[in-house]
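Peer 1: here is a sequence together with a model predicted from it:
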Amino acid sequence: MEVPFHRAYTTDREKELVAEAIDSGWITMGPKTILFEEKFKEYCGAKYAVSMNSATAALHLALKAIGIKENEEVIIPTNTFISTAEVVTYFNAIPVLCDIDYKTHNIDPEKIESLITSKTRTIIPVHFGGQICDMDEINTIAKKYNLKVIEDAAHCLPGFYKGRNVGTLSDITCFSFYATKTLATGEGGMATTENEDYSRSMKINRLHGISRDAWDRYTANGSWYYEVVDNGNKYNTTDINAALGIAQLEKLELMHEKRKAIAGKYDRAFAEKMEMLTLKTDRVSSYHLYVIKVNNRNELIELLKKEGISASVHFIPVHMHPYYRERYMYRREDYPVANRVFERSISLPIYPGMSEEQVNYVTEKVLQHAR
Ligand SMILES: *Cc1c(COP(=O)(O)O)cnc(C)c1O
(Lines give C-alpha, C1' and ligand atoms only; values in the text may rest on other atoms or scores of the structure.)
Protein backbone atom coordinates (compact mmCIF):
# COMPACT_ATOMS: atom_id res chain seq x y z
CA MET A 1 0.00 0.00 0.00
CA GLU A 2 1.18 3.53 -0.79
CA VAL A 3 0.66 6.25 1.80
CA PRO A 4 1.99 9.66 0.75
CA PHE A 5 2.89 12.13 3.49
CA HIS A 6 0.25 14.55 2.33
CA ARG A 7 -2.48 14.99 -0.24
CA ALA A 8 -4.56 18.15 -0.64
CA TYR A 9 -8.26 17.63 0.07
CA THR A 10 -10.09 19.21 -2.85
CA THR A 11 -13.45 18.61 -4.53
CA ASP A 12 -15.33 20.05 -7.50
CA ARG A 13 -15.99 23.18 -5.43
CA GLU A 14 -12.35 24.29 -5.83
CA LYS A 15 -12.59 23.76 -9.61
CA GLU A 16 -15.87 25.68 -9.75
CA LEU A 17 -14.53 28.74 -7.91
CA VAL A 18 -11.21 28.73 -9.78
CA ALA A 19 -13.14 28.55 -13.06
CA GLU A 20 -15.20 31.54 -11.93
CA ALA A 21 -12.00 33.49 -11.29
CA ILE A 22 -10.61 32.57 -14.70
CA ASP A 23 -13.85 33.33 -16.52
CA SER A 24 -14.11 36.72 -14.80
CA GLY A 25 -11.19 37.92 -16.89
CA TRP A 26 -9.46 39.23 -13.75
CA ILE A 27 -7.12 36.60 -12.43
CA THR A 28 -4.81 38.40 -10.02
CA MET A 29 -5.78 40.13 -6.76
CA GLY A 30 -9.35 41.33 -7.06
CA PRO A 31 -12.89 40.58 -5.87
CA LYS A 32 -12.20 36.96 -4.87
CA THR A 33 -9.20 38.02 -2.82
CA ILE A 34 -11.28 40.60 -0.98
CA LEU A 35 -14.03 38.01 -0.41
CA PHE A 36 -11.52 35.49 0.94
CA GLU A 37 -10.19 38.09 3.39
CA GLU A 38 -13.74 38.93 4.49
CA LYS A 39 -14.63 35.30 5.08
CA PHE A 40 -11.34 34.58 6.79
CA LYS A 41 -11.57 37.41 9.29
CA GLU A 42 -15.18 36.50 9.97
CA TYR A 43 -14.08 32.93 10.67
CA CYS A 44 -11.36 34.06 13.10
CA GLY A 45 -13.35 36.88 14.61
CA ALA A 46 -10.45 39.18 13.75
CA LYS A 47 -10.89 42.83 12.86
CA TYR A 48 -8.49 42.85 9.88
CA ALA A 49 -7.18 40.14 7.55
CA VAL A 50 -4.50 40.82 4.95
CA SER A 51 -3.87 38.10 2.38
CA MET A 52 -0.41 37.49 0.96
CA ASN A 53 1.37 34.96 -1.21
CA SER A 54 2.91 33.08 1.76
CA ALA A 55 3.21 32.97 5.53
CA THR A 56 6.83 33.97 5.11
CA ALA A 57 5.63 37.18 3.44
CA ALA A 58 3.07 37.69 6.21
CA LEU A 59 5.72 37.27 8.93
CA HIS A 60 8.02 39.66 7.08
CA LEU A 61 5.40 42.39 6.79
CA ALA A 62 4.21 41.78 10.34
CA LEU A 63 7.71 42.56 11.60
CA LYS A 64 7.77 45.62 9.35
CA ALA A 65 4.37 46.73 10.66
CA ILE A 66 5.56 46.70 14.27
CA GLY A 67 8.62 48.68 13.19
CA ILE A 68 11.44 46.23 13.87
CA LYS A 69 14.89 47.80 13.51
CA GLU A 70 18.42 46.64 12.75
CA ASN A 71 20.15 44.85 15.66
CA GLU A 72 16.96 44.45 17.62
CA GLU A 73 16.26 40.95 18.92
CA VAL A 74 13.37 38.65 18.17
CA ILE A 75 12.78 35.60 20.33
CA ILE A 76 11.68 32.51 18.41
CA PRO A 77 11.68 28.78 19.20
CA THR A 78 14.58 26.89 17.60
CA ASN A 79 12.17 24.13 16.63
CA THR A 80 10.52 25.84 13.66
CA PHE A 81 10.59 26.07 9.90
CA ILE A 82 13.31 28.42 8.74
CA SER A 83 10.88 31.19 7.70
CA THR A 84 10.47 32.27 11.31
CA ALA A 85 14.20 33.03 11.56
CA GLU A 86 14.67 34.11 7.96
CA VAL A 87 12.26 37.06 8.16
CA VAL A 88 14.19 38.44 11.13
CA THR A 89 17.38 38.53 9.05
CA TYR A 90 15.62 40.67 6.39
CA PHE A 91 15.90 43.57 8.86
CA ASN A 92 19.41 42.70 10.03
CA ALA A 93 17.71 42.04 13.33
CA ILE A 94 18.76 39.04 15.43
CA PRO A 95 16.83 35.80 15.86
CA VAL A 96 17.32 34.77 19.49
CA LEU A 97 16.52 31.09 19.84
CA CYS A 98 14.56 29.66 22.73
CA ASP A 99 14.47 26.00 23.74
CA ILE A 100 11.19 24.10 23.71
CA ASP A 101 8.96 22.04 25.95
CA TYR A 102 9.59 18.30 25.60
CA LYS A 103 5.94 17.33 25.79
CA THR A 104 4.40 19.82 23.33
CA HIS A 105 7.43 20.84 21.21
CA ASN A 106 6.27 24.44 21.67
CA ILE A 107 8.42 27.31 22.94
CA ASP A 108 9.00 26.92 26.68
CA PRO A 109 7.63 30.10 28.30
CA GLU A 110 9.81 29.51 31.35
CA LYS A 111 12.89 29.92 29.20
CA ILE A 112 11.84 33.16 27.51
CA GLU A 113 12.50 35.70 30.25
CA SER A 114 16.21 34.91 30.63
CA LEU A 115 16.66 35.70 26.91
CA ILE A 116 15.20 39.20 27.13
CA THR A 117 17.62 42.11 26.83
CA SER A 118 17.24 45.86 26.26
CA LYS A 119 17.26 45.08 22.51
CA THR A 120 14.40 42.57 22.54
CA ARG A 121 11.39 43.80 20.56
CA THR A 122 9.24 40.81 19.78
CA ILE A 123 8.42 37.20 20.54
CA ILE A 124 7.24 34.93 17.72
CA PRO A 125 5.71 31.78 19.21
CA VAL A 126 5.12 28.95 16.71
CA HIS A 127 2.08 26.75 17.31
CA PHE A 128 3.85 23.47 16.66
CA GLY A 129 1.81 20.85 14.84
CA GLY A 130 -1.31 22.91 15.43
CA GLN A 131 -1.38 23.13 19.22
CA ILE A 132 -1.45 26.74 20.42
CA CYS A 133 1.44 27.84 22.64
CA ASP A 134 0.95 29.04 26.22
CA MET A 135 -0.32 32.42 25.01
CA ASP A 136 -1.39 33.75 28.43
CA GLU A 137 2.11 33.21 29.81
CA ILE A 138 3.74 34.63 26.66
CA ASN A 139 1.47 37.69 26.55
CA THR A 140 2.14 38.34 30.27
CA ILE A 141 5.90 38.33 29.67
CA ALA A 142 5.46 40.55 26.60
CA LYS A 143 3.42 43.04 28.57
CA LYS A 144 5.94 43.13 31.41
CA TYR A 145 8.81 44.00 29.02
CA ASN A 146 6.75 45.98 26.51
CA LEU A 147 7.28 43.52 23.66
CA LYS A 148 5.07 42.77 20.68
CA VAL A 149 3.86 39.23 20.01
CA ILE A 150 3.51 37.90 16.46
CA GLU A 151 2.19 34.36 16.17
CA ASP A 152 3.51 31.97 13.55
CA ALA A 153 0.24 30.10 13.09
CA ALA A 154 1.34 28.34 9.90
CA HIS A 155 0.21 25.05 11.47
CA CYS A 156 -2.78 26.32 13.33
CA LEU A 157 -6.04 26.58 11.44
CA PRO A 158 -8.42 26.05 13.02
CA GLY A 159 -7.10 26.49 16.55
CA PHE A 160 -8.82 27.41 19.78
CA TYR A 161 -7.29 28.66 23.01
CA LYS A 162 -9.43 28.78 26.13
CA GLY A 163 -12.48 29.16 23.89
CA ARG A 164 -10.93 31.84 21.69
CA ASN A 165 -10.10 31.54 18.02
CA VAL A 166 -6.52 31.65 16.83
CA GLY A 167 -6.09 34.93 14.94
CA THR A 168 -7.04 37.22 17.80
CA LEU A 169 -4.61 36.21 20.56
CA SER A 170 -1.71 38.59 19.91
CA ASP A 171 -0.64 41.68 17.94
CA ILE A 172 -0.49 39.92 14.57
CA THR A 173 -1.15 36.28 13.61
CA CYS A 174 0.34 34.77 10.44
CA PHE A 175 -1.17 31.78 8.63
CA SER A 176 0.17 29.63 5.79
CA PHE A 177 -1.81 28.12 2.92
CA TYR A 178 1.17 26.21 1.54
CA ALA A 179 0.28 22.94 -0.21
CA THR A 180 0.73 20.77 2.90
CA LYS A 181 -1.02 23.03 5.41
CA THR A 182 -4.51 22.54 6.86
CA LEU A 183 -6.00 25.09 4.44
CA ALA A 184 -4.10 24.67 1.20
CA THR A 185 -4.07 26.95 -1.83
CA GLY A 186 -0.69 25.84 -3.19
CA GLU A 187 1.01 28.99 -1.99
CA GLY A 188 -0.58 31.64 0.19
CA GLY A 189 -0.71 33.31 3.57
CA MET A 190 -2.75 35.65 5.71
CA ALA A 191 -2.08 38.05 8.57
CA THR A 192 -4.83 38.94 11.04
CA THR A 193 -4.72 41.79 13.51
CA GLU A 194 -6.92 44.02 15.65
CA ASN A 195 -4.68 47.02 14.91
CA GLU A 196 -5.67 49.31 12.04
CA ASP A 197 -2.17 50.76 11.61
CA TYR A 198 -0.64 47.29 11.30
CA SER A 199 -3.31 46.28 8.81
CA ARG A 200 -2.72 49.40 6.71
CA SER A 201 1.04 48.92 6.77
CA MET A 202 0.77 45.29 5.64
CA LYS A 203 -1.76 46.16 2.92
CA ILE A 204 0.48 48.87 1.51
CA ASN A 205 3.66 46.84 1.67
CA ARG A 206 2.25 43.68 0.11
CA LEU A 207 1.95 45.68 -3.12
CA HIS A 208 5.15 47.70 -3.64
CA GLY A 209 4.30 50.24 -0.95
CA ILE A 210 1.52 51.67 -3.13
CA SER A 211 -0.92 53.70 -1.09
CA ARG A 212 -3.97 51.84 -2.35
CA ASP A 213 -4.65 48.38 -3.80
CA ALA A 214 -3.63 48.60 -7.46
CA TRP A 215 -6.31 46.25 -8.69
CA ASP A 216 -8.67 49.10 -8.02
CA ARG A 217 -6.80 51.12 -10.62
CA TYR A 218 -8.22 49.04 -13.44
CA THR A 219 -11.85 48.96 -12.36
CA ALA A 220 -14.51 51.49 -13.27
CA ASN A 221 -14.32 53.17 -9.86
CA GLY A 222 -10.51 53.15 -9.84
CA SER A 223 -8.22 55.78 -11.22
CA TRP A 224 -4.77 55.72 -12.81
CA TYR A 225 -3.24 57.73 -9.98
CA TYR A 226 -1.28 56.16 -7.13
CA GLU A 227 1.51 57.07 -4.77
CA VAL A 228 4.32 54.91 -3.38
CA VAL A 229 4.62 55.65 0.31
CA ASP A 230 6.94 52.86 1.51
CA ASN A 231 9.58 50.45 0.14
CA GLY A 232 7.19 47.54 -0.17
CA ASN A 233 7.27 44.06 -1.65
CA LYS A 234 5.40 42.10 -4.29
CA TYR A 235 3.57 39.80 -1.89
CA ASN A 236 -0.05 39.96 -3.05
CA THR A 237 -2.00 36.82 -3.78
CA THR A 238 -4.21 36.17 -6.83
CA ASP A 239 -7.94 35.60 -7.33
CA ILE A 240 -7.18 32.07 -8.56
CA ASN A 241 -5.47 31.39 -5.27
CA ALA A 242 -8.19 33.11 -3.27
CA ALA A 243 -10.80 30.98 -5.07
CA LEU A 244 -9.05 27.89 -3.71
CA GLY A 245 -8.94 29.54 -0.30
CA ILE A 246 -12.67 30.25 -0.24
CA ALA A 247 -13.48 26.66 -1.22
CA GLN A 248 -11.07 25.31 1.39
CA LEU A 249 -12.45 27.57 4.11
CA GLU A 250 -15.95 26.23 3.42
CA LYS A 251 -14.79 22.73 4.30
CA LEU A 252 -12.36 23.67 7.07
CA GLU A 253 -14.52 22.18 9.82
CA LEU A 254 -15.07 18.97 7.89
CA MET A 255 -11.32 18.65 7.24
CA HIS A 256 -10.64 19.35 10.92
CA GLU A 257 -13.05 16.58 11.99
CA LYS A 258 -11.34 14.14 9.64
CA ARG A 259 -7.88 15.01 10.94
CA LYS A 260 -9.10 14.72 14.50
CA ALA A 261 -10.56 11.28 13.81
CA ILE A 262 -7.25 10.07 12.36
CA ALA A 263 -5.33 11.47 15.32
CA GLY A 264 -7.78 9.66 17.60
CA LYS A 265 -7.13 6.36 15.84
CA TYR A 266 -3.38 6.83 16.10
CA ASP A 267 -3.76 7.78 19.78
CA ARG A 268 -5.69 4.61 20.56
CA ALA A 269 -3.36 2.36 18.59
CA PHE A 270 -0.22 3.85 20.13
CA ALA A 271 -1.45 4.29 23.72
CA GLU A 272 1.07 2.88 26.23
CA LYS A 273 3.30 1.83 23.31
CA MET A 274 4.56 5.07 21.79
CA GLU A 275 5.57 8.50 22.99
CA MET A 276 3.11 11.03 21.60
CA LEU A 277 2.74 14.81 21.97
CA THR A 278 0.79 15.97 25.00
CA LEU A 279 -2.31 17.91 24.01
CA LYS A 280 -3.47 20.37 26.67
CA THR A 281 -7.14 20.28 27.55
CA ASP A 282 -7.74 24.05 27.52
CA ARG A 283 -7.00 24.35 23.78
CA VAL A 284 -7.95 22.62 20.55
CA SER A 285 -5.27 21.60 18.06
CA SER A 286 -5.65 21.81 14.29
CA TYR A 287 -4.02 18.34 14.16
CA HIS A 288 -1.73 19.54 11.39
CA LEU A 289 1.04 17.10 12.37
CA TYR A 290 1.02 13.77 14.14
CA VAL A 291 4.41 13.37 15.78
CA ILE A 292 5.77 10.48 17.82
CA LYS A 293 9.18 10.11 19.44
CA VAL A 294 11.14 6.90 18.90
CA ASN A 295 14.67 5.62 19.48
CA ASN A 296 15.31 4.57 15.87
CA ARG A 297 14.02 7.63 14.03
CA ASN A 298 16.29 7.53 10.96
CA GLU A 299 15.94 3.78 10.61
CA LEU A 300 12.16 3.97 11.05
CA ILE A 301 11.83 6.51 8.22
CA GLU A 302 13.72 4.14 5.90
CA LEU A 303 11.76 1.08 7.01
CA LEU A 304 8.45 2.89 6.49
CA LYS A 305 9.61 4.07 3.08
CA LYS A 306 10.22 0.43 2.09
CA GLU A 307 6.64 -0.29 3.14
CA GLY A 308 5.37 2.53 0.92
CA ILE A 309 4.79 5.04 3.72
CA SER A 310 6.24 8.56 3.54
CA ALA A 311 7.09 10.12 6.89
CA SER A 312 8.83 13.40 7.67
CA VAL A 313 10.64 15.33 10.42
CA HIS A 314 9.54 18.67 11.91
CA PHE A 315 11.93 20.36 12.29
CA ILE A 316 15.66 20.44 11.90
CA PRO A 317 16.21 23.12 14.58
CA VAL A 318 17.32 26.55 13.38
CA HIS A 319 20.57 26.33 15.40
CA MET A 320 21.67 23.30 13.35
CA HIS A 321 21.47 24.95 9.92
CA PRO A 322 24.94 26.03 8.75
CA TYR A 323 24.03 29.55 7.66
CA TYR A 324 22.36 30.41 10.96
CA ARG A 325 24.83 28.52 13.13
CA GLU A 326 27.74 30.39 11.56
CA ARG A 327 26.14 33.84 11.34
CA TYR A 328 24.75 33.91 14.90
CA MET A 329 27.16 31.51 16.65
CA TYR A 330 24.40 29.42 18.16
CA ARG A 331 25.69 26.69 20.47
CA ARG A 332 24.10 23.29 20.30
CA GLU A 333 24.34 22.82 24.06
CA ASP A 334 22.00 25.77 24.66
CA TYR A 335 19.05 23.78 23.28
CA PRO A 336 19.14 20.38 24.96
CA VAL A 337 15.40 19.70 24.70
CA ALA A 338 15.17 20.67 21.03
CA ASN A 339 18.19 18.46 20.27
CA ARG A 340 16.62 15.46 21.94
CA VAL A 341 13.25 16.10 20.34
CA PHE A 342 14.87 16.45 16.93
CA GLU A 343 16.78 13.17 17.22
CA ARG A 344 13.67 11.21 18.12
CA SER A 345 10.78 12.86 16.26
CA ILE A 346 8.96 11.48 13.27
CA SER A 347 5.84 12.97 11.67
CA LEU A 348 3.36 10.41 10.35
CA PRO A 349 0.91 11.00 7.49
CA ILE A 350 -2.29 12.76 8.63
CA TYR A 351 -4.60 14.42 6.12
CA PRO A 352 -8.36 14.51 5.56
CA GLY A 353 -8.37 12.19 2.54
CA MET A 354 -6.54 9.34 4.31
CA SER A 355 -8.57 6.14 4.16
CA GLU A 356 -9.23 3.91 7.15
CA GLU A 357 -7.07 1.22 5.50
CA GLN A 358 -4.20 3.67 5.12
CA VAL A 359 -4.41 4.74 8.77
CA ASN A 360 -4.52 1.10 9.91
CA TYR A 361 -1.61 0.25 7.64
CA VAL A 362 0.52 3.08 9.05
CA THR A 363 -0.24 2.14 12.67
CA GLU A 364 0.55 -1.51 11.97
CA LYS A 365 3.88 -0.74 10.30
CA VAL A 366 4.88 1.82 12.92
CA LEU A 367 4.14 -0.63 15.73
CA GLN A 368 6.12 -3.27 13.86
CA HIS A 369 9.23 -1.16 13.13
CA ALA A 370 9.51 1.49 15.86
CA ARG A 371 11.91 0.96 18.70
C1 LIG B 1 5.08 26.30 6.42
C2 LIG B 1 5.62 27.14 7.51
C3 LIG B 1 5.96 28.50 7.31
C4 LIG B 1 6.03 29.12 5.96
O5 LIG B 1 4.85 29.13 5.28
P6 LIG B 1 4.87 29.59 3.74
O7 LIG B 1 3.44 29.88 3.45
O8 LIG B 1 5.39 28.44 2.95
O9 LIG B 1 5.74 30.78 3.63
C10 LIG B 1 6.32 29.26 8.40
N11 LIG B 1 6.39 28.72 9.64
C12 LIG B 1 6.11 27.43 9.86
C13 LIG B 1 6.18 26.90 11.26
C14 LIG B 1 5.74 26.59 8.80
O15 LIG B 1 5.52 25.29 9.02
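Peer 2: Done, it's in. Because the structure is predicted, anything quoted here is derived from the model rather than measured.

Peer 1: burial count for Ala311?
Peer 2: When neighbours are counted by other C-beta atoms under 10 Å, Ala311 registers 23. (C-beta placed from N, C-alpha, C; glycine too.)

Peer 1: just the one 5 residues further on next, same as before
Peer 2: By other C-beta under 10 Å, the residues close to Ile316 number 13.

Peer 1: near the ligand, which residues of this protein are found?
Peer 2: Contacts of the chain with the ligand, taken as C-beta under 6 Å from any ligand atom, map to 54-56, 80-81, 83-84, 126, 152, 154-155, 176, 178, 189.

Peer 1: so which of the residues you listed wins on neighbours?
Peer 2: For these, neighbours tallied by other C-beta under 10 Å; top is Ser176, 31 neighbours.

Peer 1: report the buried residues of stretch 118-125.
Peer 2: Under the neighbour-count criterion of 16 or more other C-beta atoms under 10 Å, stretch 118-125 has Thr120, Arg121, Thr122, Ile123, Ile124, Pro125 buried.

Peer 1: repeat that for stretch 197-216.
Peer 2: 198-199, 201-208, 210, 212-213, 215.

Peer 1: wait, which of these is closest to the ligand?
Peer 2: Arg206 (13.4 Å; C-beta to the nearest ligand atom).

Peer 1: related to what we said a few turns ago, for Asn298, state which of the residues of the chain next to the ligand is nearest.
Peer 2: Phe81 (20.2 Å; C-beta to C-beta).

Peer 1: tell me the contacts of the residue positioned nearest the centre of the chain?
Peer 2: The residue lying closest to the centre of the chain (C-alpha atoms, centre = their mean) is Ala154, at 0.7 Å. Contacts for Ala154 (C-beta atoms under 8 Å, 6 or more residues apart in numbering) come out as Ala55, Phe81, Ser83, Val126, Cys174, Phe175, Ser176, Tyr178, Lys181.

Peer 1: what residue spans form the domains of the protein?
Peer 2: 12-250, 252-369 (automatic domain parsing).

Peer 1: let me know which of those domains is tucked in deepest.
Peer 2: Looking across those with neighbours counted as mean count of other C-beta atoms under 10 Å, the highest average goes to domain 12-250: a mean of 20.

Peer 1: give me the mean pLDDT for that domain.
Peer 2: Average pLDDT, domain 12-250: 96.

Peer 1: distance from stretch 264-276 to the middle of the chain?
Peer 2: Mean-position distance between stretch 264-276 and its chain equals 25 Å (C-alpha atoms, centre = their mean, to the nearest Å).

Peer 1: what residues does that stretch touch?
Peer 2: Stretch 264-276 is touched from outside by 290-294, 344, 348, 350, 359-360, 362-363, 366-367, 370, with contacts defined as C-beta under 8 Å, 6+ apart.

Peer 1: and those residues, which of them are in helices?
Peer 2: Among these, the ones falling in helices (DSSP state H) are Arg344, Val359, Asn360, Val362, Thr363, Val366, Leu367.

Peer 1: for the ligand, state which of those is nearest.
Peer 2: Once C-beta to the nearest ligand atom is applied, the member of these that ends up nearest the ligand is Arg344, at 19.3 Å.

Peer 1: how far away is the residue nearest to the closest one when sequence neighbours are not counted from Met1?
Peer 2: In this structure, Arg344 finds its nearest non-sequential neighbour in Lys293, 4.0 Å apart by C-beta to C-beta, 6 or more residues apart in numbering. Distance of Lys293 to Met1, computed by C-beta to C-beta, to the nearest Å: 25 Å.

Peer 1: and the strands in the stretch 1-150 of the chain?
Peer 2: 48-52, 73-77, 94-98, 120-123, 148-152 (DSSP state E, counting those that start in this stretch).

Peer 1: scratch that, the stretch 151-300 of the chain is what I was asking about
Peer 2: 160-161, 164-165, 172-176, 189-193, 275-276, 283-284, 290-293.

Peer 1: tabulate those strands (CSV), appending distance to Glu253.
Peer 2: Output for those, formatted as CSV (distance: least, C-beta to C-beta, whole Å):
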stretch, distance to Glu253
strand 160-161, 12
strand 164-165, 13
strand 172-176, 16
strand 189-193, 18
strand 275-276, 24
strand 283-284, 12
strand 290-293, 19
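
Peer 1: and Ile138, how far from the ligand?
Peer 2: 16 Å (C-beta to the nearest ligand atom, to the nearest Å).

Peer 1: show me what contacts that residue?
Peer 2: If you count contacts by C-beta under 8 Å, 6+ apart, then Ile138 has Ile107, Pro109, Ile112, Ile123, Pro125, Val149, Ser170 around it.

Peer 1: let's see it at 7 Å
Peer 2: Neighbour list for Ile138: Pro109, Ile123, Pro125, Val149 [criterion: C-beta atoms under 7 Å, 6 or more residues apart in numbering].

Peer 1: what's the closest of these to Ser310?
Peer 2: Checking the contacts of Ile138 against Ser310 by C-beta to C-beta gives Pro125 as the nearest, at 28.5 Å.

Peer 1: next, give phi and psi for the closest one.
Peer 2: phi -70, psi 150 (degrees, to the nearest 10).

Peer 1: and the ones in helices among the contacts of stretch 264-276, which two are the farthest apart?
Peer 2: Counting by C-beta to C-beta, the most remote pair of those is Arg344 and Asn360, 24.1 Å apart.

Peer 1: show me the helices in the stretch 251-371 of the chain, by range?
Peer 2: 252-270, 297-306, 322-328, 336-344, 356-369 (DSSP state H, counting those that start in this stretch).
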